[in-house]
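[1] From the sequence below, what's the structure:
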Amino acid sequence: MPAHAISPLRSVPAENSAGLRLVPAMAEAEPLLGMPGEVAAVVTKLASGKRRVRMGEFLYRSGTPFHSLYVVRAGMFKTILLDSEGREQVTGFQMTGEVLGMDGIEKEICQSNALALEDSEVWEVPFTRLETLCRQDPGMQRVFHRLMSREIQRDYLMMLLLGSMSAEERLAAFLVNLSQRLTARGYSATRFILRMSRREIGSFLGLTLETVSRVFSRFQREGLIRAELKAVELKDVARLRAMVGISVLNAA
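    Numbers count the residues shown, from 1 in each chain. The predicted structure is shown next:
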């Protein structure tokens, strides 16, 4: 395949990377790439088993009892909130090695909905087991605190995106953030296939579908990206990063 072509990205064989189907940069992807090694080890010990979730199915729904955290082993999810009229607000896209379900801890009720964007697989970690281990092992407690800190950082990023950035800056931040997360998992930092729709990207970024499409087209005209359907290639990562403040990149 020519170097300039965007290779077709398959649905994860065993470990995938995200709302994107990607080609790993390494021969084999590790199960929990992108997470601290001790977290991967503990999750492996604590997980009660793996669970497969087909594309379009819910991992959990808002209002259901909270019992477990979930670590994405393969595939990608989106988390959403629904208003009283059933309108959807996307609150995040979770890929391999990321944790789902933390918003249910306080009230012991799931606060959001988690939907698979492609055929996916998760490790289920019963929260009672995690609590017990945290009481017994201060090291594990520190690991869990770091995970919660990441969630706070993501909330901080969202406030920046929605509160002070233009449409162009929001989309640039979204693409750079994906690039960083994929790089941490051994995938290409510049070539991927988006598993989420542009409408879902808009919901996440607080933009209309028309605005997202317009900014994608502008980025193409200016040579920042190349996009064909859902296949995206970042042609000028440096310029995309320059559009986004360093504080935002650090928060991501």
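[2] quick one: the spatially most central residue of the chain from Arg154, how far?
    Centroid-nearest residue in the chain: Gln94, 2.7 Å away (criterion: CA atoms, centre = their mean). Applying CB to CB, to the nearest Å, the value for Gln94 to Arg154 is 10 Å. In short, each C-beta sits where N, CA and C put it, glycine included.
[3] can you pull up the bridge partners for Glu121?
    Arg52, Ala74 (DSSP bridges).
[4] Test my guess that it contacts Arg51.
    Yes: contact criterion CB atoms under 8 Å: Glu121 and Arg51 qualify, at 6.9 Å.
[5] okay, those two: which has more neighbours?
    Ranked by neighbour count (other CB atoms under 10 Å), Glu121 and Arg51 place Glu121 first, with 18 against 15.
[6] OK, contacts around the more buried one?
    Lys50, Arg51, Arg52, Val53, Val72, Arg73, Ala74, Gly75 (CB atoms under 8 Å, 6 or more residues apart in numbering).
[7] Which pLDDT value belongs to it?
    pLDDT recorded at Glu121 is 94.
[8] Next, the contact list for Val72, please.
    Gln94, Met95, Thr96, Gly97, Glu98, Val99, Leu100, Ser120, Glu121, Val122.
[9] Which of these fall in strands?
    Among the contacts of Val72, the members found in strands (DSSP state E) are Gln94, Val99, Leu100, Ser120, Glu121, Val122.
[10] do you know how far the third one is from Phe144?
    The spacing between Leu100 and Phe144, counted by CB to CB, is 15 Å.
[11] Same question for the fifth one.
    Glu121 sits 22 Å away from Phe144, going by CB to CB.
[12] returning to what we had before: just the buried residues of the contacts of Glu121.
    Val53, Val72, Arg73, Ala74, Gly75 (16 or more other CB atoms under 10 Å).
[13] C-terminal to the longest helix anywhere in the chain, what's the next element?
    Using DSSP state H to define each element, the chain has its longest helix at helix 138-164. Next in sequence after helix 138-164, counting helices and strands by DSSP states H and E, comes helix 167-184.
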